[in-house]
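# below are the sequence and a predicted model; questions follow.
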Amino acid sequence: MNVLVPWGALAVLQRTITYPVTFEGVGLHSGEPANLTIHPAPAGTGIVFRRVDITDCENEIPALWDLVEQSPLCTRLVNADSVSISTVEHVMAALVGCGVHNAVVDVDGPEVPILDGSAAPFVRGILANGLRQLADPVRALRVLRPVEVRRGSAWARLTPNDTLRIKFDIDFEDAAIGVQSKILNMSNGSFVRELSNSRTFCRKADVDHMRANGLALGGTLENAVVVDGEKVLSPGGLRHADEAVRHKMLDALGDLGLAGLPILGHYHGFRAGHALTNTLLRALFADKSAFEVVECDAETAARLPGAGVHWGEIPQVA
């Protein structure tokens, strides 16, 4: 794979967090206590999850698309020793959305803590500690031609664009959600301002079904938006009128982060989910003519997620 270096341009450097930051909560599906610590990491590390409760085999799991074990409920990574970490999408979205290129994420169990069901607590922890530059330049993955995947009535596609832009369309029978559509350019801190505090959501009937099958044991009305027909059952109601589609965009950013590099391209998901977004990345990487890796100068880096983001952009409602 060729890396294109902009002639005559000063490359922008990779970043990591300045100090470790820890989060405590429970796993959404297991209901078990879950603790997570994000550590600084050297340039070129990428994002790596580490199961600190496992010591008898390889406990590191790189956050990469080809280690995803597809599931409709969350994003689950599994390494060659069958060590897994589940529900990584929210912390991945926070890392990507804050412009963190390298970090080691320690978790003391099989699932990332759900916290309030959004990425905002992770964003607050990351930005409170600040970021620092590393020695190596930032590289990005530029989409060169359209790639699309379909599953039933759902589809997802990537097309060329000079920044990461995400569009999402959803259609649910519950009137509290209904049909929603939104499009956002992910540069200049828009993820933190517009998406980071949007919570995961589900229908009450789905919650009942999951719990009957031993899932969603850590879910509550405080860490998920639960709807039943026209009613929003979670106390306080919605943080945004279109919180559901905003959360789907949040998930998509986290799942696209598993490309291993920031993406320059337009993602459009129609009724898509974790598995379909991963299938899209697999299709992209299967076609070497569909993308290139570029070294980012200042102009290009300014269009990446997290560029210029600061504490004051975190939504007050979070």
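Yep, it's here.

# from here on, just use CA atoms for contacts and neighbour counts.
Noted.

# over to Thr45. Which of the three states is it?
Here Thr45 is coil, with the state taken from DSSP: H, G, I helix; E, B strand; the rest coil.

# I'd like to know how many residues surround it.
15 (other C-alpha atoms under 10 Å).

# so what's it up against?
Shown in contact with Thr45 (C-alpha atoms under 8 Å, 6 or more residues apart in numbering): Asn102, Ala103.

# toward the C-terminus, what is the element adjacent to the helix or strand containing Gly25?
Assessed by DSSP states H and E, Gly25 sits inside strand 21-26. Toward the C-terminal end, the helix or strand that comes next after strand 21-26 (DSSP H and E) is strand 33-39.

# which strands or helices does that next one pack on?
Packing contacts for strand 33-39, counted by 3 or more C-alpha pairs under 8 Å, 6 or more residues apart in numbering; DSSP states H and E, involve strand 21-26, strand 103-107.

# helices of the protein, start to end?
Using DSSP state H, the helices of the chain run over 89-97, 120-129, 190, 204-212, 243-256, 274-286, 298-301.

# which one of these lies closest to Tyr19?
The closest of the helices of the chain to Tyr19 is helix 120-129. By C-alpha to C-alpha, the value is 6.0 Å.

# which residues of the protein score low on pLDDT?
Residue ranges of the chain with pLDDT under 70: 1-11, 216, 316-318.

# just give me the residue closest to the centre of it.
For the chain, the residue nearest the mean C-alpha position is Gly254 (1.2 Å; C-alpha atoms, centre = their mean).

# buried ones in stretch 178-187?
Gln180, Ile183, Leu184, Asn185, Met186, Ser187 (16 or more other C-alpha atoms under 10 Å).

# torsion angles phi and psi at the fifth one?
Spelled out, that is Met186. phi -90, psi 0 (degrees, to the nearest 10).

# so who does it touch?
Met186 neighbours (C-alpha under 8 Å, 6+ apart): Gly97, Thr163, Leu164, Arg165, Ile166, Arg303, Leu304, Pro305.

# returning to what we had before: was I right to think the residue nearest to the centre of the chain contacts Val91?
Yes. Counting by C-alpha atoms under 8 Å, Gly254 does reach Val91; the two are 7.4 Å apart.

# hmm, who's touching stretch 217-231?
26-32, 114-118, 173-177, 199-205, 211, 232-235, 237-238.

# over to stretch 50-62?
46-49, 77-79, 81, 83-85, 104-110.

# what about 6 Å?
The contact list for stretch 50-62, computed with C-alpha atoms under 6 Å, 6 or more residues apart in numbering, reads Val48, Phe49, Asn79, Val105, Asp106, Val107, Asp108.

# what's the most distant pair in these?
Using C-alpha to C-alpha, the two most remote members of those are Asn79 and Asp108, lying 16.1 Å apart.

# one step back: tell me the one among the buried residues of stretch 178-187 nearest to Gly269.
Ile183 (10.3 Å).

# what about the closest residue to that closest one other than its chain neighbours, distance to Leu184?
Spatially, and ignoring its direct neighbours in sequence, Ile183 is nearest to Lys167 (4.1 Å; C-alpha to C-alpha, 6 or more residues apart in numbering). From Lys167 across to Leu184, the span is 7 Å (C-alpha to C-alpha, to the nearest Å).
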